[in-house]
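Asker: Sequence and predicted structure are below.
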Amino acid sequence: MAVPLQNFIVAALIDDQRVDGRRPFDSRRLNIKFSREDGSAEVQLGQTLVMCAVSGQLVQPFPDRPNEGSLSVFTEFSPMADSTFEPGRQGENAVELGRVIDRGLRESRAVDTESLCVLAGKAVWSLRVDICILDNGGNLIDAASIAALAALLSFRRPECSTGGEDGQEIVIHPPEVREPLPLILHHLPIAVTFAFFGDGDLVVMDPSYKEELVMKGRLTVTMNVHGDICAVQKGGGVGVSSGEIMRCLRIASTKVADVTSSLKKAAEAHETERAFRKVKRHNTVSGIELRTVEVLGTIKADIEMRDAILDRAVKPKVELTDSEDSSSEDSDDSDSEDEVLGLGRAVKQEDAHSVLSVEAIFQGGASNWDEDTKPRAAASSELPLGRNPGKADTKSSAKSLDGKPASLIDAVKKNRKRKKTKKRTSKQS
Amino acid sequence: MEMETRDNDVKRSSGQLESSPYINKIVAPGDIVLDLGQLSIPTLRLGGGLRQDQDLVIATKAGRLKFIKPNKVWVEGSQKRYIPSLDDVVIGLVVDRRSESFTVDIGGPVYASLSIFLFEGATRRNIPNLQAGSVLYMRVVKAHRDMTPEVSCVDAMGKASGFGQLKDGFVFQCSTGLARALLSRPTCPVLEALGKGLSFEIAVGVNGRVWVNGDSVSTIILVSNAIMNAEFLSAAQQQLMVQKLLQRVQ
């Protein structure tokens, strides 16, 4: 830190001026941008740029709170934002930032966690708030807190309902069928940071990067628009009088009102844009047959939402050709569990299979003259429909890919075995 | 007679360089800019952003290839990061003080070293008293990509000629492109306009550091913010912006 710069910043503050031309209690321009995807927002506060993404997962709830979802905050400080940030290692300020945001959101109960419960004791939504610092221009806490709120405001989770005979099955409705639900936010806790200089008698709001290098102390107040103080964090060594803190709280409450209104305005604009987009969207998937995912006692259904939706979107195609078999699969508990675990693979294979069966239906004349081909083709289309369709299919595809006859592969395998046994024998001897 | 032929040589070589297809064009890292085998140039001075590989001159950064008569060629781009090159004037911070040299941060990938003898009138008994955090105006005297850069606070004649410590004032960082624009001739419009209304001192390093000093705090703040805002404005816009700022102050 350059000595002249240090002296100048303090000298300017004594003069009630700041190096970027602001007054002590002015904050920089705030710009909130929502991405096309739900649950993601980018906040620019002067030079500072922070991105936040919220994602949800169905998990088993904590045993002491069986009907409450959870919320956790993760931070990532990209080395692109500031050369002092180390990749892959959380620095001191990364941890502090995460905890201040976490405290503001969780302990003030801003997000209604009880509404995140799907099946008490079995499945609740676990929200993950990922904060990524893209450019460090100072005052990361305020920018990150606004980004987190903006992302939470725009987050949508798919609607879930319980079904089945015992009411223990969970149905996740894809967004095409039922509109995804927004989170319930009781209030918006917004962080406002003050920096102290000299002996704690010089105060500024929303410190810039340079001011953060010089400042002696920092006070972050997390407040909502009703004037409720949700959290206070004091950092740095300099002591601050209670009168000074009360002054900061008063200033923060007016600032919070400004930020809340602009946040709400931005969220509303995003919402109308979203509605417009939906009007234009053509629904290509028609006549989806919903299938329930069996949730067993211990929930292994750690399903990424999207995978589940993808699965459902692909499946109906297959079911047109082999509806009998899939229904039998449904009734079989162990099978459907298998399916849940190996979602991605199952989808691909079934897709390939549906192509196969289409071929079987539209057999050309030329290949049909041989009587042998017909039953063989039919057999190949029926083969994968058994208890484990995946395995049979991968084998056949492997054969066709290698272009080698099975006998050759077998011969190679046998050779290998022989070698192994030889080695063993040599060791023994 | 000898002088005449040398003059002719220089003229011919600068003519050859001027007619090179890459001069004043945008180049990208890896572009082969000049093939010295095909040109008859006695000496060629390569500036920042260029590398010589036997007969080939290759660009190492993106920017516009610039040429100044008789034989200077360099790539001018706008970057946040500075790569030291010979004869650049830079502003740096003293980071550490050692027995024979100072370690100086000039914004490059590694710290530069400044010998204690490279000050005007410096001897072993008369070592300049610089603390960590002091701001210096220097020039780069050694820049090699595998070695620590070396800087100096004297010109080639051993005189200070403006180099040395910058006391007080305000230092800020801008892109290397803006720093080049501020140093260019004719004077950058924003400096021209500011100079008409205010009196201030300014030092610009091509590493993107700018030092401003003036009579009052408000002058320094105004000048530095006007310069930082000027980067993406046209000449007319820069003048307009400065006029508005000056009106607000007066």
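Answerer: Perfect, I can see it now. Residues are numbered from 1 along each chain as shown, chains lettered A, B, ... in the order given.

Asker: make it CA atoms for all contacts and neighbour counts henceforth
Answerer: Fine.

Asker: how near is the residue nearest to residue A:163 when sequence neighbours are not counted to chain B?
Answerer: Residue nearest to residue A:163 in three dimensions, not counting chain neighbours: residue A:169, with 5.0 Å by Cα to Cα, 6 or more residues apart in numbering or on different chains. According to Cα to the nearest Cα, to the nearest Å, residue A:169 stands 56 Å off from chain B.

Asker: looking at it, residue A:169 is touching residue A:122, isn't it?
Answerer: No: applying Cα atoms under 8 Å, one finds residue A:169 not in contact with residue A:122, separated by 10.2 Å.

Asker: Between the two, which has more neighbouring residues?
Answerer: residue A:122 (22 against 17; other Cα atoms under 10 Å in any protein chain shown).

Asker: Isn't that one up against residue A:60?
Answerer: Yes: using Cα under 8 Å, residue A:122 is in contact with residue A:60, at 5.2 Å.

Asker: what's near enough to touch the closest residue to chain A within chain B?
Answerer: Nearest residue of chain B to chain A (Cα to the nearest Cα) works out as residue B:133 at 4.3 Å. Shown in contact with residue B:133 (Cα atoms under 8 Å, 6 or more residues apart in numbering or on different chains): A:1-4, B:93-95.

Asker: could you dump those residues to a markdown table with neighbour count and secondary structure?
Answerer: Output for the contacts of residue B:133, formatted as a markdown table (neighbours: other Cα atoms under 10 Å in any protein chain shown; DSSP: H, G, I helix; E, B strand; the rest coil):
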| residue | neighbour count | secondary structure |
| --- | --- | --- |
| A:1 | 15 | coil |
| A:2 | 20 | coil |
| A:3 | 20 | helix |
| A:4 | 18 | helix |
| B:93 | 24 | strand |
| B:94 | 24 | strand |
| B:95 | 21 | strand |
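
Asker: In JSON lines, list these along with distance to residue B:168.
Answerer: Shown next, in JSON lines, are the contacts of residue B:133 (distance: Cα to Cα, whole Å):
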{"residue": "A:1", "distance to residue B:168": "13"}
{"residue": "A:2", "distance to residue B:168": "10"}
{"residue": "A:3", "distance to residue B:168": "8"}
{"residue": "A:4", "distance to residue B:168": "5"}
{"residue": "B:93", "distance to residue B:168": "13"}
{"residue": "B:94", "distance to residue B:168": "15"}
{"residue": "B:95", "distance to residue B:168": "17"}
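
Asker: How about the secondary structure of the closest residue to residue B:89 other than its chain neighbours?
Answerer: Nearest non-adjacent residue to residue B:89, counting by Cα to Cα, 6+ apart: residue B:139, 4.2 Å away. Under DSSP: H, G, I helix; E, B strand; the rest coil, the three-state class of residue B:139 is strand.

Asker: By proximity to chain B, which residue of chain A wins?
Answerer: For chain A, Cα to the nearest Cα, closest residue to chain B: residue A:2, 4.3 Å.

Asker: Leaving out the residues flanking it, which one is nearest to that residue?
Answerer: According to Cα to Cα, 6+ apart, the nearest residue to residue A:2 is residue B:133 (4.3 Å).

Asker: Tell me how far the one you found lies from residue B:95.
Answerer: 6 Å (Cα to Cα, to the nearest Å).

Asker: same check, this time on residue A:23
Answerer: Distance from residue A:23 to residue B:95, by Cα to Cα: 32 Å.

Asker: mind checking the longest helix of chain A?
Answerer: In chain A, assigned by DSSP state H, the helix with the most residues is helix A:242-280.

Asker: helices and strands around it, which ones?
Answerer: strand A:30-34, helix A:140-154, strand A:190-197, strand A:217-223 (3 or more Cα pairs under 8 Å, 6 or more residues apart in numbering or on different chains; DSSP states H and E).

Asker: With just CA atoms, put the last one into CSV.
Answerer: Extracted as CSV, the C-alpha positions of strand A:217-223 are listed here (Å, rounded to 0.1, in the frame of the first residue of the first chain):
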residue,chain,number,x,y,z
GLY,A,217,-12.3,-1.0,11.3
ARG,A,218,-15.5,-2.3,9.6
LEU,A,219,-19.1,-2.6,10.8
THR,A,220,-21.7,-4.6,8.8
VAL,A,221,-25.3,-4.2,9.7
THR,A,222,-27.9,-6.6,8.3
MET,A,223,-31.3,-5.0,8.4
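
Asker: That one: partners in the sheet, and parallel or antiparallel?
Answerer: strand A:190-197 (antiparallel), strand A:229-236 (antiparallel) (DSSP bridges).
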